[in-house]
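Asker: quick one: sequence and predicted model below, then my questions.
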Amino acid sequence: MMSQEMQLQVRDMARNFSNEIIRPMAQELDEKENFPHELYLNMGELGLFGIGVPEEDGGPGCDTVTYALVMEELSRGYSSVADQCGLIELITTLLVRHGTLKQKTQLLSDIMSAKKLVAYCITEPEAGTDVSGIRTKATKCDDGWVLNGGKIWIHNAPVADLGFVLARTDPEAGHRGMSIFIVDLHAKGVSRGTKEHKMGQRASQVGALNFDDVILPEAALLGQVGRGFHMMMS
């Protein structure tokens, strides 16, 4: 655990950023339903993304208390900003816990610096909080996997570069037949639906993603086949 002095230093940095940068632009961000790329990069430079990533993996190695303090301060400025911080923390935690050395080396730095924007792709028309209804599937092929299906209400879907996609790899195995794949959202076969217009947190862009015979290499699998549900719940 970090010392209280270090926790308060990180909190004060987030508080100053929230007061000086976020709050003055919060109304404009909400009205325009836009999260400027410059703001992503600014937060990345300050180390506000992936703050729980261990030092040995290139992160600041902050503890859970410090993360909670940062989220509280960012939320005081504008909740959509904290939402982005939380999303990236979720993705980097998955990578740290389950990624291969190559995946972590290739992706963690770009995600924490916001050079690559990410989306966590779970919700579908038939599956929200109950993921048992998920129909997106990844079928094994000679060179890897073929991904088909669609996701809705996905944060960052309109702008993300990478999607961490929960898909069925064994339709007969229930929750033990789901896996997570790291998908290039600029790849052939990926398309984006219309951006949703929400009542709140409007700078956190939400939309749909569709996958039509998207070819994934073996290296796109995160963790083990069939462990996606367990990874997500942990």
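Answerer: In hand now; what should we look at? Residues are numbered from 1 along each chain as shown.
Asker: how many other residues sit next to Gly207?
Answerer: Neighbours of Gly207 under the rule other C-beta atoms under 10 Å: 20. C-beta here means a position set from N, CA and C on the backbone, and glycine is covered the same way.
Asker: for it, what are its contacts?
Answerer: Ile154, Ala157, Pro158, Arg192, Gly193, Thr194, Lys195, Glu196 (C-beta atoms under 8 Å, 6 or more residues apart in numbering).
Asker: could I have the buried ones of those as ChimeraX selection syntax?
Answerer: Buried residues within those, by 16 or more other C-beta atoms under 10 Å, are selected in ChimeraX with:
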select :154,157,158,196
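Asker: strands - which of the contacts of Gly207 land there?
Answerer: Ile154, Arg192 (DSSP state E).
Asker: would you reformat the contacts of Gly207 as TSV and include pLDDT?
Answerer: Output for those, formatted as TSV (pLDDT from 0 to 100):
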residue	pLDDT
Ile154	97
Ala157	98
Pro158	97
Arg192	98
Gly193	95
Thr194	90
Lys195	92
Glu196	94
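Asker: and the protein, what are its domains?
Answerer: 4-112, 118-233 (automatic domain parsing).
Asker: list the buried ones in the longest helix seen in the chain?
Answerer: For the chain, the longest helix by residue count, based on DSSP state H, is helix 79-98. Neighbour-count burial for helix 79-98 flags 79-92, 94-96, 98 (criterion: 16+ other C-beta under 10 Å).
Asker: tell me the mean pLDDT for that helix?
Answerer: Across helix 79-98, the average pLDDT comes to 97.
Asker: and the very next helix or strand once past that helix, what's buried?
Answerer: Using DSSP states H and E, the helix or strand that directly follows helix 79-98 along the chain is helix 101-112. Within helix 101-112, the residues that count as buried by 16+ other C-beta under 10 Å are Gln103, Lys104, Leu107, Leu108, Ser109, Ile111, Met112.
Asker: distance between helix 101-112 and the chain's centre?
Answerer: Centroid separation between helix 101-112 and its chain, computed with C-alpha atoms, centre = their mean, to the nearest Å, is 13 Å.
Asker: beyond that helix, next helix or strand please.
Answerer: That would be, after helix 101-112 and using DSSP H and E, strand 118-121.
Asker: neighbouring contacts of that following strand?
Answerer: 87-88, 90-91, 111, 151, 154-157, 160-166, 183, 185, 209.
Asker: in its sheet, which strands sit next to it, and in what direction?
Answerer: Take DSSP bridges as the rule and strand 118-121 pairs in its sheet with strand 162-168 (parallel).
Asker: got the angle between the partner strand and helix 79-98?
Answerer: Relative orientation of strand 162-168 and helix 79-98, computed by axes from the mean of the first three to the mean of the last three C-alpha atoms, to 10 degrees: 60 degrees.
Asker: now strand 162-168: average pLDDT?
Answerer: 98.
Asker: can you show me the strands along this protein?
Answerer: 118-121, 137-141, 144-155, 162-168, 178-184, 190-192, 206-217, 221-222.
Asker: tell me the most buried of these?
Answerer: Highest mean neighbour count among those (mean count of other C-beta atoms under 10 Å): strand 118-121, with a mean of 26.
Asker: helices or strands up against the helix or strand of the chain with the lowest mean pLDDT?
Answerer: Across the helices and strands of the chain, mean pLDDT, DSSP states H and E gives its lowest value to helix 228-233, namely a mean of 92. In terms of contacts (3 or more C-beta pairs under 8 Å, 6 or more residues apart in numbering; DSSP states H and E), helix 228-233 is packed against helix 79-98, strand 162-168, strand 178-184.
Asker: could these be laid out in JSON lines, adding distance to Met231?
Answerer: What follows is those, written out as JSON lines (distance: least, C-beta to C-beta, whole Å):
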{"stretch": "helix 79-98", "distance to Met231": "5"}
{"stretch": "strand 162-168", "distance to Met231": "9"}
{"stretch": "strand 178-184", "distance to Met231": "6"}
